[in-house]
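1. Give the three-dimensional model of this entry:
(chains A and B)
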There are 2 protein chains.
Amino acid sequence: MFYIIGLGLSDERDVTVRGLEAIKGATRVYLEAYTSILMVQKERLEEFYGKPLIIADRDMVETQSDEILHQADEVDVALLVVGDPFGATTHTDILLRARALHIPTRVIHNASIMNAIGAAGLQLYQFGQTVSLVFFTETWKPDSFYDRIKENADLGLHTLVLLDIKVKEISDANLMRNRKIYEPPRYMSIPVAVKQLLEIESLRKAGILEADNTLAVALSRVGGGDEQRIVAGTLAELANHPEAGFGQPLHSLIIVGKRLHHLEVEYAEEFAIDREKWRSVASTVYGCALD
Amino acid sequence: MFYIIGLGLSDERDVTVRGLEAIKGATRVYLEAYTSILMVQKERLEEFYGKPLIIADRDMVETQSDEILHQADEVDVALLVVGDPFGATTHTDILLRARALHIPTRVIHNASIMNAIGAAGLQLYQFGQTVSLVFFTETWKPDSFYDRIKENADLGLHTLVLLDIKVKEISDANLMRNRKIYEPPRYMSIPVAVKQLLEIESLRKAGILEADNTLAVALSRVGGGDEQRIVAGTLAELANHPEAGFGQPLHSLIIVGKRLHHLEVEYAEEFAIDREKWRSVASTVYGCALD
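-> Prediction:
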């Protein structure tokens, strides 16, 4: 059996009991490299599981999956991934490959950023499509996310914005010298994300991402106990908030839609940089009837 | 500390290790009544946790939360809910109440139907807003869901349709005699849901829910190992498929949007009632380029 097991969002204790049993029973256990980078160290997981882990980078999972699937029709093999196997990063490729090889598969679900964002108090059924925001460079500023956010905004819906991660990058200098030296991983911070959003707004001018009139919520390490950070405010407030205040990466950002309900305002107020400002924008710009 | 702990979607082993530790450490543990109805028996959970459980029905959680929160500033109290605490049914009310009482709270996340539907192979970031479908009666056929599905469909997005549950209903006859006798719980089946969708389409005629031209995917017991059922087909196929083929409730339904990607078609084909039909509608109606 080939298992793909979601580890949840924070540390080794977020695996489900069902997932833990499958790990303990597996002959080989792969850890998708993203996971160890984002959450806890490999060694900590190994100690918790009582099992050695084989690191599988994203390339291996996507293009060399036969190595992972080797003999999985005879023994149990597990691939561990951060969040849920069908979360922001899906694993349908390797499952399709297993199917082609007639290897039975089982998916063990967990929380992912796609549902854990509910922790902000904004209703999940009021979210439109999810968008991704990549690091801009001087010459490359892809802005198709803007059209998607606008589609959601026009319906009054919230938008989850997933922020870019760069791992295993090679600098231009090293590339030219053919040196396979990886740069340290980079995670987009909330202030950088907001500045990119506002930059595109200034070009496209549809008025959906306004510094002082658009509310947003930043989340990190959702469910991670004391490490969890949720910060709410206008885009301008988030852009100017100290980076340390947003906690450890990965960060995600929610753009608040106009169908905003007063209970959502009230719940998220707990996380506001400035409660008065939060309520006043919700009331005057979003039209929420507050006490 | 007041804990709200998501139990995931299937049985007692879907709780996270973090959640299980919190349950074992709690002085009182409440089980939201929905949970025991939908998943496993209370006794099975009690045995697994080694703890007695107090049943809390939806009314109690919503309107008598002070009883649940009693002394939670001094001892640990846990409320167990199916899925994730911020899933389709949210628990912000009781968390707001705890906040007002200055009781520290912690949420332990898990998979919910809002992210586990990824198991169908349709990309989560291609979903629009989620809708609910209630049981129609002769005189009451609320159809606002139709506008929401149309909004999603106009953008080419998928729609998750959550199907009605009726628990603790009292019949008109018993109501009139003032007898508090509850009817057995009812869960909307996939064929009933599809018939209701088609009924509203026949009235509204926007052409977004067509029997032979609209693809949909039905899911039940996602992640529940052998109990999981995923069935894909046209609305007509789903309406005429034997009810037993959809597995045990709760059921959910995905209406497939026109931005459908060929990898989504390929993955969900595994679940199709009729693979040829599935591919042919995806190709001719949805415009997917398939091999």
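
2. Excluding chain neighbours, give the residue nearest to A:Glu227 in space.
-> Excluding the flanking residues, the one nearest A:Glu227 by C-beta to C-beta, 6 or more residues apart in numbering or on different chains is A:Arg221, at 4.2 Å. The way it works is simple: take the backbone N, C-alpha and C, and place the C-beta from them, glycine included.

3. wait, isn't the one you found in contact with A:His251?
-> No. If you go by C-beta atoms under 8 Å, A:Arg221 and A:His251 don't touch, sitting 9.1 Å apart.

4. what about the longest helix in chain A?
-> Secondary structure of chain A per DSSP state H: the longest helix is helix A:190-204.

5. what's across from A:Ile5 in the sheet?
-> A:Leu80, A:Ile108 (DSSP bridges).

6. which bits of the stretch 151-291 of chain A sit near chain B?
-> Neighbours of chain B within the stretch 151-291 of chain A, by C-beta under 8 Å from any C-beta of the partner chain: A:Glu151, A:Leu155, A:Leu157, A:Leu162, A:Val222, A:Gly223, A:Gly225, A:Leu263, A:Glu266, A:Tyr267, A:Glu270.

7. Out of those, grab the one that's most surrounded.
-> Among these, A:Val222 has the most neighbours (other C-beta atoms under 10 Å in any protein chain shown), with 26 neighbours.

8. wait, doesn't that one sit right on A:Leu9?
-> Yes. Using C-beta under 8 Å, A:Val222 makes contact with A:Leu9 at a distance of 5.5 Å.

9. Give me the secondary structure label for A:Arg106.
-> Secondary structure assignment for A:Arg106 (DSSP: H, G, I helix; E, B strand; the rest coil): strand.

10. repeat for the one 5 residues further on
-> When the structure is split into helix, strand and coil by three-state DSSP, A:Ala111 lands in coil.

11. Helices of chain A, start to end?
-> Counting by DSSP H, the helices of chain A are A:17-25, A:33-38, A:42-49, A:58-63, A:65-69, A:92-100, A:113-116, A:144-154, A:172-176, A:190-204, A:235-240, A:262-268, A:275-284.

12. and the ones you listed, which one is worst for confidence?
-> With a mean of 62, helix A:33-38 has the lowest mean pLDDT of the helices of chain A.

13. What sits closest to the closest residue to chain B within the stretch 151-291 of chain A if chain neighbours are left out?
-> Going by C-beta to the nearest C-beta, chain B is nearest to A:Gly223 of the stretch 151-291 of chain A, at 4.1 Å. Using C-beta to C-beta, 6+ apart and skipping residues adjacent in sequence, the residue nearest A:Gly223 is B:His109, 4.1 Å away.

14. Quick check, that neighbour in contact with B:Leu7.
-> No. B:His109 is beyond contact range of B:Leu7, at 11.0 Å (criterion: C-beta under 8 Å).

15. Single out the residue in the stretch 101-250 of chain A that lies closest to chain B.
-> In the stretch 101-250 of chain A, the residue that lies nearest chain B is A:Gly118 (2.5 Å; C-beta to the nearest C-beta).

16. Now do the same for that residue: its pLDDT.
-> 94.

17. try the one 4 residues further on
-> pLDDT, the model's per-residue confidence, is 96 for A:Leu122.

18. That one: what's it in contact with?
-> Neighbour list for A:Leu122: A:His158, A:Val217, A:Ile254, A:Val256, A:Leu260, A:Glu264, A:Ala268 [criterion: C-beta atoms under 8 Å, 6 or more residues apart in numbering or on different chains].

19. same question, A:Ile4
-> Here A:Ile4 is in contact with A:Ala78, A:Leu79, A:Val81, A:Pro85, A:His91, A:Ile94, A:Leu95, A:Thr105, A:Arg106, A:Val107, A:Ile108 (criterion: C-beta under 8 Å, 6+ apart).

20. Next: A:Arg28.
-> Here A:Arg28 is in contact with A:Ile54, A:Val75, A:Val77, A:Ala78 (C-beta under 8 Å, 6+ apart).

21. which one of those residues sits closest to chain B?
-> The closest of the contacts of A:Arg28 to chain B turns out to be A:Ala78 (C-beta to the nearest C-beta; 14.8 Å).

22. Could you pull up the contacting residues of the closest one?
-> A:Phe2, A:Tyr3, A:Ile4, A:Ile5, A:Ala22, A:Ile23, A:Ala26, A:Arg28, A:Val29, A:Tyr30.

23. Please tell me how far the third one sits from chain B.
-> Distance from A:Ile4 to chain B, counting by C-beta to the nearest C-beta, to the nearest Å: 11 Å.

24. Just want to check the distance between that residue and B:Thr90.
-> Distance of A:Ile4 to B:Thr90, computed by C-beta to C-beta, to the nearest Å: 28 Å.

25. The first one now?
-> Spatial separation of A:Phe2 from B:Thr90 under the definition C-beta to C-beta is 35 Å.

26. Pull the distance from stretch A:41-59 to the chain's centre.
-> When distances are taken as C-alpha atoms, centre = their mean, to the nearest Å, stretch A:41-59 is centred 21 Å away from the chain's centroid.

27. what number of residues lie near the closest residue to A:Ala239 other than its chain neighbours?
-> The shortest distance from A:Ala239 to any non-neighbouring residue, by C-beta to C-beta, 6+ apart, is to A:Val194 (4.2 Å). Neighbour count for A:Val194, taken as other C-beta under 10 Å: 28.

28. swap in the one 3 residues further on?
-> In terms of burial, A:Leu197 registers 26 neighbours under the definition other C-beta under 10 Å.

29. show me the contacts for it.
-> Taking C-beta under 8 Å, 6+ apart, one finds A:Leu133, A:Val161, A:Leu209, A:Leu235, A:Ile255 in contact with A:Leu197.

30. what's the spacing between the residue lying closest to A:Gly128 once chain neighbours are set aside and B:Tyr125?
-> In space, A:Gly128 comes closest to A:Asn152 once its chain neighbours are excluded; the distance is 3.2 Å by C-beta to C-beta, 6+ apart. Look at A:Asn152 and B:Tyr125: by C-beta to C-beta, they are 12 Å apart.

31. okay, and the common contacts of the two?
-> Common contact partners of A:Asn152 and B:Tyr125 (C-beta under 8 Å, 6+ apart): A:Gln129.

32. Of these two, which one has the most company?
-> Taking neighbours as other C-beta under 10 Å, A:Asn152 and B:Tyr125 compare with A:Asn152 leading, 26 against 18.

33. hmm, back to that, residues of the longest helix of chain A that come out buried?
-> Residues A:Ile190, A:Pro191, A:Val192, A:Ala193, A:Val194, A:Gln196, A:Leu197, A:Leu198, A:Ile200, A:Glu201 are the ones in helix A:190-204 that count as buried (16 or more other C-beta atoms under 10 Å in any protein chain shown).
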